[in-house]
Structure formats: C-alpha cells, structure tokens
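K.L.:
The sequence isn't on hand, but the structure is:
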C-alpha cells in the first residue's frame, strides 16, 4: 500500500513480487482504484481477469506517471522482471514507444476521457524487433486529472502477415502488369497476323483468278487446234498438244486449290447443300480414281456399307475432299493399291482412304495438313505437288461440320479418315 500524489489510497504491485526469473505471485488483496476521489475495491474476479489477460495493461498516475498497476502480460512485454523496482512508466517502456506515448499524452486533455492509439516498433527482447499497438487513455476524474491506462498488444505476427500480404499483392500487381502488357502485345500481333492473312488471301485470290482466265483460254485453243479447226494436225503435233493440255490442266487444278484455300481462310467459301446418296458419291469417286491408279500400275477397290443413306451436304466439296485424298495416296504409293470405303456411324458417315505407300512418321502426322508443307522439303524432291491437297481437304471438312484424320505406319501405308454429319448445320 502506498499514498499516491492525489492523496487517494491505491495498491501498487510490490516489485518484491517479481524475482529475477520473472515469476509473479498473486496479489495479497484486491486492487484499489479511485472513483470520485475515494478508494474503491475492484472485484477479485475482475482482478483475476486482468491478471490473465494476454493484453499488456498498466495504470499510472496521471501527473507523475508513477506505476499503480501492471499485469503479467505488460511485465513480459516490457521485460520488467529484469529491472529492479522500476516504478515509473518512463522507466519501463522502450524509447521508441516512450516518445510516442509521451507525445500522445501531451496531445490529450488532462481531464476528461480520451483514447489514442498508435503502432510502434520495439527493439527489446531476445526475439529482436517487435511491433506493438499501444493504446493510451485517461480515466475521467472530477477532482484532478485522471490516471493513465496503457494497453500494449504484440502485433508482430499480424504485421508480418500484413507485410507478406502486401508483398503478395505487389507480386500479383506485377504479374497482372506483365500479363496486361503481354495481352496487349498479343492483341497487336494477332491484329497484324490477321491483317497479313487477309492480305495474303486477297493476293492469292486475285492472282489465282488472273492466272485461271488465260489458262482456260489456252485449254480452249488447244481443243480447237486438236480438232483440226485451223487445219490438219499431224500425230506428232497432236502428241505435243496433249502434253500441253495435261500441263495446263494440272496448273488449273493447282490454281483452283489455291482459290479454295484463300476463300476458306477468308471465310468466303459458300456451302451449297444438296441431297446426295453416299453410294453415288463412292461410285463417282471410284470412276475418277481408277484411271489414276491404273496409270501407276496400282489396284483400286471401293466398298460402301451405306445402302440408301442420304447426305445433306455440299456434294462438290465432298468430291473434292475424296479426290484430294485419293490423289495423295496414289502419289505416295508405288506398289500395292488404294482402297475407298464408306460406312455409317451414328448420325455421321465415315469415308476411309487406305494406301500401301511409304507412310508418314509420327512427328509429321499433324504437319501433313499444313498448307504448302511437303514430306520432302528439298527443291530436288522426287515427289511433286503443291502441298495443298490435304490442307484444303481438312479445311473443307471443317466447313461441312466434319474432320479429316490420319493414321500411318512408315513403310506400310496410311489411312485417311473423313467424318461428315449426315445433315449439314450452318455454324452459328
């Protein structure tokens, strides 16, 4: 028991209660607090609550800052067990916290209520620097300025989590900035690529049209000369005319492939849906394919298990797909033969073109559908062609709602599978 500067009777926890190890014994009697200038006992239950609180609590005289009460949490945060009878608040707080607390007290009215809060860093403790949240308030009193109540909370973990969260947010912002930059660049590159593709398609369509017109005229004049319209034609001249016609026809077919590719890429290839029997498609394709295979000494067989099955699709495009696949099979087959088979599959039709040619390596299975790509990339390659047939075939199949796929074993041959819906549906 001691007499405070205000003359009121209060109990301060004797520093003898703290030994050098920091052990604390329970107070001998309830804490006395002032109320209207009179000493009033604080209930033992409240004192027990203060003693067990994880928040550091201290009460000091409002004028002298002499300590009236400190709880164990406050002693632990301020490391009071290492001090000898430090009775002033200014003696127990670290300098960083003390300066801030004194500034708060100077800014608060001497009488009446008030509550201020700040966050400081303390350099005390074996753990190094810790973060505190310090709350200072004055207890109202009518007779004289109120006592000072100091609350200290260790918010080091909370601050660490906030710093980690801030770092994560900064990292996310940086990632978002990079993604935004990449997205803008990707959009710019996509726009350039789209413009280049459109320019290429326009160029191909224009040039192909300009080339197709004179080639058609050449073929017409060849027929007139071969028929003797302009005079008699010798056998040698007729042979040369036939070679000229074959070359012009081949070039015209190539130009048609380029035109089709350009229209498909530009989204300008129209689809004319008609009703066609699958058997008729197979029969027509076989009639065109047989001369091609016979020219290389290859066999050709066709089978159709789609009796009475009708397709609602673009007949000319289906014919072009099948002829491209058969022409490709003949080109890469030197012995054996080529087969064409058709079968139903749910609401779809499957066409299979099988050959016994050189086959395709696994790493090139997807490349064969790339425009202008050739298995042999050398200028002196043995097998000719533009590299457009398979690319155009797959694009046309996609246009009709289907697909073209390939399976192959090098040295044994390949199987190209065309899958088409029985009823064409215009894409939305």
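P.N.:
Structure's in. What do you need? Computed from a predicted model, the values in this text were never measured in an experiment.

K.L.:
Would you quantify the distance from residue 75 to residue 62?
P.N.:
Noted for residue 75: a distance of 21 Å to residue 62, by Cβ to Cβ, to the nearest Å. (Glycine included, C-beta is placed from N, CA and C.)

K.L.:
Okay, now the unreliable bits of the stretch 151-300 of the chain?
P.N.:
Scanning the stretch 151-300 of the chain for pLDDT under 70 picks out 204-205, 208-209, 266.

K.L.:
which stretches of it form helices?
P.N.:
Remark: helices assigned in the stretch 151-300 of the chain by DSSP state H, counting those that start in this stretch are 156-226, 235-265, 278-295.

K.L.:
Of the ones you listed, give the one that comes closest to residue 421.
P.N.:
Closest approach to residue 421 among those is made by helix 278-295 (12.5 Å; Cβ to Cβ).

K.L.:
returning to that earlier point: for the helices of the stretch 151-300 of the chain, could you give me TSV that also reports mean neighbour count?
P.N.:
Converted to TSV, the helices of the stretch 151-300 of the chain look like this (neighbours: other Cβ atoms under 10 Å):
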stretch	mean neighbour count
helix 156-226	12
helix 235-265	15
helix 278-295	16
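
K.L.:
I'd like those helices as TSV, with distance to residue 71 appended.
P.N.:
Conversion of the helices of the stretch 151-300 of the chain to TSV gives the following (distance: least, Cβ to Cβ, whole Å):
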stretch	distance to residue 71
helix 156-226	19
helix 235-265	80
helix 278-295	93
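
K.L.:
of the ones you listed, which approaches residue 305 most closely?
P.N.:
If we rank the helices of the stretch 151-300 of the chain by Cβ to Cβ, the stretch that ends up nearest is helix 278-295, at 9.1 Å.

K.L.:
and that closest one, what does it pack onto?
P.N.:
Helix 278-295 makes packing contacts with strand 299-304, strand 310-313, helix 315-331, strand 337-345 when contacts are defined by 3 or more Cβ pairs under 8 Å, 6 or more residues apart in numbering; DSSP states H and E.

K.L.:
Of the ones you listed, which is nearest residue 258?
P.N.:
Among those, the nearest to residue 258 by Cβ to Cβ is helix 315-331 (13.3 Å).

K.L.:
Could you list the residues in contact with that closest one?
P.N.:
With Cβ atoms under 8 Å, 6 or more residues apart in numbering as the test, helix 315-331 has contacts from 260, 271-272, 274, 276, 281, 284-285, 288-289, 292-293, 296, 298, 311, 338, 340, 351, 353-355, 357, 383-385, 389-390, 392-393, 396-397, 399-400, 404, 414, 416, 418, 420.

K.L.:
out of the helices and strands packed on helix 278-295, deepest packed?
P.N.:
Among those, helix 315-331 has the highest mean neighbour count (mean count of other Cβ atoms under 10 Å), at a mean of 21.

K.L.:
most centrally placed residue in this protein?
P.N.:
Closest residue to the average C-alpha location of the chain: residue 179 at 9.8 Å, with Cα atoms, centre = their mean.

K.L.:
so how far is the helix or strand encompassing residue 99 off the chain centroid?
P.N.:
Residue 99 is part of helix 95-107 when elements are defined by DSSP states H and E. Mean-position distance between helix 95-107 and its chain equals 52 Å (Cα atoms, centre = their mean, to the nearest Å).

K.L.:
what is the rounded mean pLDDT of it?
P.N.:
Helix 95-107 carries an average pLDDT of 75.

K.L.:
With stretch 340-357 instead?
P.N.:
Mean predicted confidence for stretch 340-357 is 93.

K.L.:
Any figure for the gap between residue 338 and residue 413?
P.N.:
9 Å.

K.L.:
Between these two, which contacts overlap?
P.N.:
Residues touching both residue 338 and residue 413 (Cβ under 8 Å, 6+ apart) are 354, 355, 356.

K.L.:
can you put these in a markdown table and add neighbour count and secondary structure?
P.N.:
Formatted as a markdown table, the shared contacts of residue 338 and residue 413 follow (neighbours: other Cβ atoms under 10 Å; DSSP: H, G, I helix; E, B strand; the rest coil):
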| residue | neighbour count | secondary structure |
| --- | --- | --- |
| 354 | 20 | strand |
| 355 | 26 | strand |
| 356 | 20 | coil |
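
K.L.:
which of the residues you listed lies closest to residue 425?
P.N.:
The closest of these, once distances to residue 425 are taken by Cβ to Cβ, is residue 354, at 29.0 Å.

K.L.:
Please give me every residue in contact with the closest one.
P.N.:
So residue 354 contacts 329, 338, 339, 341, 413, 414, 415, 416 (Cβ under 8 Å, 6+ apart).

K.L.:
do the same with residue 344
P.N.:
So residue 344 contacts 305, 306, 309, 350 (Cβ under 8 Å, 6+ apart).

K.L.:
quick one: which of those residues is nearest residue 151?
P.N.:
residue 350 (80.3 Å).

K.L.:
closest to residue 345 out of the helices of the stretch 151-300 of the chain?
P.N.:
helix 278-295 (11.9 Å).

K.L.:
Quick one: distance of the closest one to the chain centre.
P.N.:
On Cα atoms, centre = their mean, the centre of helix 278-295 falls 48 Å from the chain's centre.

K.L.:
Kindly reformat the helices and strands packed on helix 278-295 as CSV containing distance to residue 193.
P.N.:
Formatted as CSV, these follow (distance: least, Cβ to Cβ, whole Å):
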stretch, distance to residue 193
strand 299-304, 42
strand 310-313, 31
helix 315-331, 27
strand 337-345, 36
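
K.L.:
To residue 50, which of the ones you listed lies closest?
P.N.:
Here strand 337-345 is closest among these (Cβ to Cβ), at 82.5 Å.

K.L.:
what is the orientation angle of that closest one with strand 299-304?
P.N.:
10 degrees (axes from the mean of the first three to the mean of the last three Cα atoms, to 10 degrees).

K.L.:
Would you pull up how far strand 337-345 lies from the middle of the chain?
P.N.:
Using Cα atoms, centre = their mean, the offset of strand 337-345 from its chain centre is 41 Å.

K.L.:
partner strands of that strand, parallel or antiparallel?
P.N.:
strand 299-304 (parallel), strand 348-355 (antiparallel) (DSSP bridges).

K.L.:
which parts of the longest one are buried?
P.N.:
Taking 16 or more other Cβ atoms under 10 Å as the basis for neighbour counts, the residues of strand 348-355 that come out buried are 349, 350, 351, 352, 353, 354, 355.
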